[in-house]
Structure formats: structure tokens, C-alpha cells
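Undergrad: got a sequence here, can you model it:
(chains A and B)
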There are 2 protein chains.
Amino acid sequence: MTFAAVVTTPRIWVDGVAASALPLPDRGLDFGDGLFETLLLKQGEPLLVDYHWQRLEAGLLTLQFPDNTLEHARQCLALACDALHELSWAALRLTITRGTAPRGYAPPAQAAPRVIISAAPLQQDRREPGSPAKVGWADIRWSAQPLLAGLKHANRLEQVLAAGEAQRRGLDEVVVLDQQGDVSSVSAGNLFIVEGDRLRTPALETCGVAGTRRRFVIERLAPALALHCEETHLSPADLERADEIFYCNSLRGLQSVGELGGTAFTRFPVCEALHQRYWELITC
Amino acid sequence: MTFAAVVTTPRIWVDGVAASALPLPDRGLDFGDGLFETLLLKQGEPLLVDYHWQRLEAGLLTLQFPDNTLEHARQCLALACDALHELSWAALRLTITRGTAPRGYAPPAQAAPRVIISAAPLQQDRREPGSPAKVGWADIRWSAQPLLAGLKHANRLEQVLAAGEAQRRGLDEVVVLDQQGDVSSVSAGNLFIVEGDRLRTPALETCGVAGTRRRFVIERLAPALALHCEETHLSPADLERADEIFYCNSLRGLQSVGELGGTAFTRFPVCEALHQRYWELITC
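TA: Presented below is the predicted three-dimensional model:
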């Protein structure tokens, strides 16, 4: 079900200027002192861009970046998107770091954040649904850090370890639990389960990323299909006895799960209806 | 007690070549997918370098970097140190990232790690003891991730937040607790308490960095002064009723604590003896 791997040299801009390197030193490299967003572009148009900006804004506030940082990022994104109109589909990563500073963990009083954008074409029409994913239970658990929960910050070693686990085990994804043993997410996406006419998704109080597509499901898709949607605690057993499971992220959209550990899922009527509605609503 | 701030443009090498920028994309910037060491150089000689290599080696193994990565780092460090002999004292940061890769969290099968070194002179003789530090209790707690505990990986946003707290509150450092409420460390150093002829330091089972100077105290300094040293759990109350407290890191060495929250410490006989022995043993 994996989309064809696309190994393309990305186009890169640093602070709005085409570039192939990041000036050093940079606190993004040094400490992961930054945030990022992964946007799906359709002919140069970033989809759900307001959700991305709102999550970024929350992160910039938590990390106490200067007030004008978001505006700088908006200008950089506009420049990059202008240059990407010829691509049917593209994946764009926008990274904001706290820029250069003297040695040491403490943020500088006068930070000058940098915006790094990299973009590459995607070769498959993203509207085609992926075939049901093969998913396992991760050994790693997400650590609990309420101060950073929900944000898409650049400290992602746990995700690297989780994705490495999936890769080594020949899985499309792994379900990761939190420190309490509740279900949190997959390595690169948010999880939902379907129970009758109800959706349930982990509440992300202590860990995880509050995904833009998760928010879209909660605020737009579930109401459009008259599904009740609840942010809650989910146990592993909740997943195993669910009618359907899906995960979602910006590039993949909604992805149904065909197998989780030893449990097979064969029918996906709700996922299919959500997927169809997703593409009706997201592009308008 | 703060050492004079040194704002000097560092000298930088990427993979052994003098540089001012990092080629992009790089997984160090993207995910903090890397490790680092901060070394103190005396006339171009890195002190306790074997301890640094051993911690790096453990981290490279955990993150499953290619086998030849450490050797590459050794060559890069040797080159840099050769160029730094004229400096009495210098701070050198050696960062290893997993290098360039296609988009996505999963590590590439054939990673080509990069070694980034930056170094800057230190203007004060590091053998001079700092005056006792003013320390508070941090609001942030370190998250628990046993898979990464002890390693000096590049996901350091929690340290950035903790150091920011210290800075805002006019403190030299903050003591950070773990998720269980036990004492873990300061934002940039390991903690020890003195109780009679005994040293105690947090065990770092779920979080924290296993500092090179922490190891030096445990393995070399405590035995040299006939002090019993225990890696254990420490409560906040243990710190408040200790005879002395100190923290340590590679650049500062051993730093006594003069004030912790409302508790004052006025005599530092053990810290002073350890500090003196530190400089006798570390330079021979």
C-alpha cells in the first residue's frame, strides 16, 4: 500500500532565498529548537493552510519565538508556492528554527528565526485511496511532556525510532502507546477508530501531534457524515474490537488499517465515505 | 558567578572541511536525528576525550548509525584540534547527524552521517572555581524515555525550556525533576549532593544525560577522596537537607550551589576539595 518512493532532490529556500545549505550555527540543528509543518500542495496551493498556521502559531507562542516570526514564515511560504504551481502535487516542509545564537541552551533575548522550506513533487494523485495498511504495535512508547504535547516541534527522535521499528518489521506503520499504556498515534499520523456511528481518537494530553487532518476529521468530516466524534482515552483492546481503524496525516489523507497485530479488518465503509468526503471538502 | 559571556564567531567544520553552512536536507535539522558532545579543549587537547567517545558510541549504537561513524568523527575532531592549539581554552561542539535522506521519519538504509564541529575560544581560565550558584526549582519536568536516557542526543527542547526558565528568573540554573518527582539534573549539568563522607547522584534510568564529568566524579574523584558515591533516587527534600550540592559539566567542571530555592548553603569543603582534585587528575 506504500506510495511509490520518490527520490527527488528537493527545492530549498532559506528565508525566502533559494539555497542548498543552512548557515551555521543554528539552534535548529543544535537542539531541535524549532517547529515544522508538512504541507500538501495541489498545483502550488497548500491545502488546509489555516490549520497549519494555527498550529504553528501555538508552537511559536509556547517556545516564545519573536512576534513577527509567523509573518516571516507566511512570506516565505508564499514565495515558495509561487514557484511550485507547475507541480500537480508536492510535499512541502516548512521549518522554523530559532536561528543563530551563542553557545548554550538558553534562548537568546533577540532571536532571529530562520525559515527553511523544502519541496519535492509527489508522483501519485493523492486522491487515490491507499490499500489497507499493515500495522503492528510499537515497542517504543511516546514520552510524556504536557508542555509540548500537540505541537509539531523538531524533536522527533522518538518518531525516528518508531518508524525504524515499522521498517524493520516490514510494516506500513506502528501504533505507539503513551506512558500510561493508552493508545496515542502511529509514528507519522493520528489514529481514529470507528464504533458504529461514532469516531474516537486519542486526546493527546501528554504527547503526540495535534494533526491538521485529525482536526479536519473532528471539525468538518465527522459532522458532515453525522458521526459523533470523541477525543478520549483509547486502550489497545478498544482498537482490536473496533469496526474500523484509520490514521491520517497531511500527505496521505485518510488511511484505513487492514491488519493490526493479529487482528484483521476487511470492511471499511466508514473510512471510504470519509475519504470521499475528505476530498470534496478539502479542495473547496 | 556566570563566566563572562563570550560572543565570538565560532570556527566551523563540516566533515572535516572548514565551512559556514550545513548542506540540506539534513536529518539533524529535520528531526534532531543526531548526537553531540561538548568538549573542553586546553591548548587544542580535548579533556576526558575517551569518556566522550564512549558516550557517543553508545548513542550511535542505540540510533543504529553506520559502524564507521565514530571513526569518521575521530578524524574530524583530530583535524579541528590541530587548528586550535593556539587557544588556551576552547569550547568545541561535535555534532553527528544522520545526514541527508528522502522525506520521512524512517532512517535510510544507507545513511551517510555528517560530522559538524564548531569551536570558540573561552576567555577565562577554567580552573578558577565559579562562585556558588543561585539555583531554583524548575517548573518543567524531564519526560521519561528509557530508550534514550543517558544519551546526549540532539532533541533538547526540554533543556531549552528549562534554561529559559532559569534565565527569566535571574537564576544560574534550575533543578529539574523527572516524571516521578525525583530530582534528575540541572538544565545543563549533573547534580550531586554531599552527605557527610558520601556523594549521591540521580541514577538517570528514564531521563537525563550521563555526563562525562558525572562519570569522572563517580569513577575517579570520589575514590581519590575516599568518598562513597551512590547512583540513586534523590527527593527534593534530600537536596534541601544536604551538606553541600554541586553540579558539573564539561565546560564548567564542578560548580557548587550557594542557594537552592529558599535554602542557603555557605560552606563547601567537599566541593572545594573535589574541584582541586578534579584539575589535578583531569590534566594528567
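Undergrad: only C-alpha atoms for contact and neighbour calcs from this point on.
TA: OK.
Undergrad: so the spatially closest residue to A:Asp15 that is not a sequence neighbour versus A:Gln54, what's the distance?
TA: Take A:Asp15 and drop its neighbours on the chain: the residue closest to it by CA to CA, 6 or more residues apart in numbering or on different chains is A:Val115, 5.0 Å away. According to CA to CA, to the nearest Å, A:Val115 stands 16 Å off from A:Gln54.
Undergrad: more neighbours: which of the two?
TA: More crowded of A:Val115 and A:Gln54, by other CA atoms under 10 Å in any protein chain shown: A:Val115, with 27 against 13.
Undergrad: please name every helix or strand in contact with the helix or strand hosting the more buried one.
TA: For A:Val115, the element it lies in under DSSP states H and E is strand A:114-121. Secondary-structure packing of strand A:114-121 (3 or more CA pairs under 8 Å, 6 or more residues apart in numbering or on different chains; DSSP states H and E): strand A:11-14, helix A:69-82, strand A:89-97.
Undergrad: mind running it again at 7 Å?
TA: Strand A:114-121 sits against strand A:11-14, strand A:89-97, with contacts defined as 3 or more CA pairs under 7 Å, 6 or more residues apart in numbering or on different chains; DSSP states H and E.
Undergrad: just name the most buried of these.
TA: Comparing these by mean neighbour count (mean count of other CA atoms under 10 Å in any protein chain shown), strand A:89-97 ranks first with a mean of 25.
Undergrad: could you give the angle of that one to strand A:114-121?
TA: With axes from the mean of the first three to the mean of the last three CA atoms, to 10 degrees defining the directions, strand A:89-97 sits at 170 degrees from strand A:114-121.
Undergrad: give me the distance from strand A:89-97 to the chain's centre.
TA: With CA atoms, centre = their mean, to the nearest Å as the basis, strand A:89-97 stands 11 Å off its chain's centre.
Undergrad: partner strands of that strand and their direction?
TA: As defined by DSSP bridges, the strand partners of strand A:89-97 come to strand A:34-42 (antiparallel), strand A:114-121 (antiparallel).
Undergrad: could those be laid out in JSON lines, adding mean pLDDT and distance to B:Arg127?
TA: Converted to JSON lines, those look like this (pLDDT from 0 to 100; distance: least, CA to CA, whole Å):
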{"stretch": "strand A:34-42", "mean pLDDT": "97", "distance to B:Arg127": "35"}
{"stretch": "strand A:114-121", "mean pLDDT": "97", "distance to B:Arg127": "37"}
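Undergrad: leaving out sequence neighbours, find the closest residue to A:Pro66.
TA: Once flanking residues are discounted, A:Pro66 sits nearest to A:Ala111: 6.9 Å by CA to CA, 6+ apart.
Undergrad: typo on my end, it should be A:Ile116
TA: Nearest to A:Ile116 is A:Val14, by CA to CA, 6+ apart, at 4.5 Å.
Undergrad: pLDDT score assigned to the one you found?
TA: Note on A:Val14: pLDDT of 98.
Undergrad: residues contacting it?
TA: Counting by CA atoms under 7 Å, 6 or more residues apart in numbering or on different chains, A:Val14 touches A:Val115, A:Ile116, A:Ile117.
Undergrad: residues of the stretch 51-200 of chain A that sit close to chain B?
TA: When proximity is defined as CA under 7 Å from any CA of the partner chain, the stretch 51-200 of chain A approaches chain B at A:102, A:105-107, A:143-145, A:154-157, A:159-160, A:163-164.
Undergrad: listing partners with orientation, what would you give for the helix or strand where A:Glu259 lies?
TA: A:Glu259 is located in strand A:253-260, with elements delineated by DSSP H and E. Paired with strand A:253-260 in the same sheet, following DSSP bridges, are strand A:133-141 (parallel), strand A:244-249 (antiparallel), strand A:263-264 (antiparallel).
Undergrad: after the shortest one, which helix or strand is next?
TA: Spelled out, it's strand A:263-264. Heading C-terminal from strand A:263-264 (DSSP H and E), you reach helix A:269-282.
Undergrad: which residues sit against that next one?
TA: Helix A:269-282 is contacted by residues A:Leu47, A:Leu48, A:Arg127, A:Leu221, A:Phe246, A:Leu254, A:Ser256 when judged by CA under 7 Å, 6+ apart.
Undergrad: show me what contacts the fifth one?
TA: It refers to A:Phe246. By CA under 7 Å, 6+ apart, the residues touching A:Phe246 are A:Leu191, A:Phe192, A:Ile193, A:Leu254, A:Gln255, A:Ser256, A:Val257, A:Cys271.
Undergrad: top of those by neighbour count?
TA: A:Phe192 (29 neighbours).
Undergrad: a markdown table for the contacts of helix A:269-282, including pLDDT?
TA: Listed next are the contacts of helix A:269-282 as a markdown table, based on pLDDT from 0 to 100:
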| residue | pLDDT |
| --- | --- |
| A:Leu47 | 97 |
| A:Leu48 | 97 |
| A:Arg127 | 88 |
| A:Leu221 | 97 |
| A:Phe246 | 98 |
| A:Leu254 | 97 |
| A:Ser256 | 98 |
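Undergrad: among the residues of the stretch 51-200 of chain A next to chain B, who's most crowded?
TA: A:Ala154 (28 neighbours).
Undergrad: which ones are touching that one?
TA: By CA under 7 Å, 6+ apart, the neighbours of A:Ala154 are A:Gly32, A:Asp33, A:Gly34, A:Leu35, A:Phe36, B:Asp30, B:Phe31, B:Gly32.
Undergrad: state the pLDDT value of it.
TA: 98.
Undergrad: next one: it from A:Ile96, what distance?
TA: 9 Å.
Undergrad: find residues that contact each of the two.
TA: Listed contacts common to A:Ala154 and A:Ile96 are A:Gly34, A:Leu35, A:Phe36; contacts here mean CA under 7 Å, 6+ apart.
Undergrad: in JSON lines: the helices and strands packed on strand A:114-121, plus distance to A:Ala264.
TA: Output for the helices and strands packed on strand A:114-121, formatted as JSON lines (distance: least, CA to CA, whole Å):
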{"stretch": "strand A:11-14", "distance to A:Ala264": "40"}
{"stretch": "strand A:89-97", "distance to A:Ala264": "31"}
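Undergrad: how far away is the closest residue to A:Leu177 other than its chain neighbours from chain B?
TA: Leaving aside its sequence neighbours, A:Leu177 sits nearest to A:Val183 (CA to CA, 6+ apart; 4.4 Å). Distance of A:Val183 to chain B, computed by CA to the nearest CA, to the nearest Å: 16 Å.
Undergrad: I figured A:Val183 hits A:Ala237, correct?
TA: No - using CA atoms under 7 Å as the test, A:Val183 is too far from A:Ala237 to be in contact (9.5 Å).
Undergrad: if we can go back for a sec, switch the strands paired with strand A:253-260 over to TSV; also include distance to B:Thr263.
TA: Listed next are these as TSV, based on distance: least, CA to CA, whole Å:
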stretch	distance to B:Thr263
strand A:133-141	37
strand A:244-249	49
strand A:263-264	57
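Undergrad: check contacts around the residue nearest to A:Phe246 when sequence neighbours are not counted.
TA: Spatial nearest neighbour of A:Phe246, chain neighbours left out: A:Ser256 (4.2 Å); criterion: CA to CA, 6+ apart. With contact taken as CA under 7 Å, 6+ apart, A:Ser256 is in contact with A:Pro132, A:Ala133, A:Ile245, A:Phe246, A:Tyr247, A:Cys271.
Undergrad: can you pick out the most distant pair from those residues?
TA: Spanning the widest gap among the contacts of A:Ser256 are A:Ala133 and A:Cys271, at 12.4 Å by CA to CA.
Undergrad: any regions of the stretch 1-150 of chain A where pLDDT drops low?
TA: A:1-8 (pLDDT under 70).
Undergrad: fine by me, we can end here.
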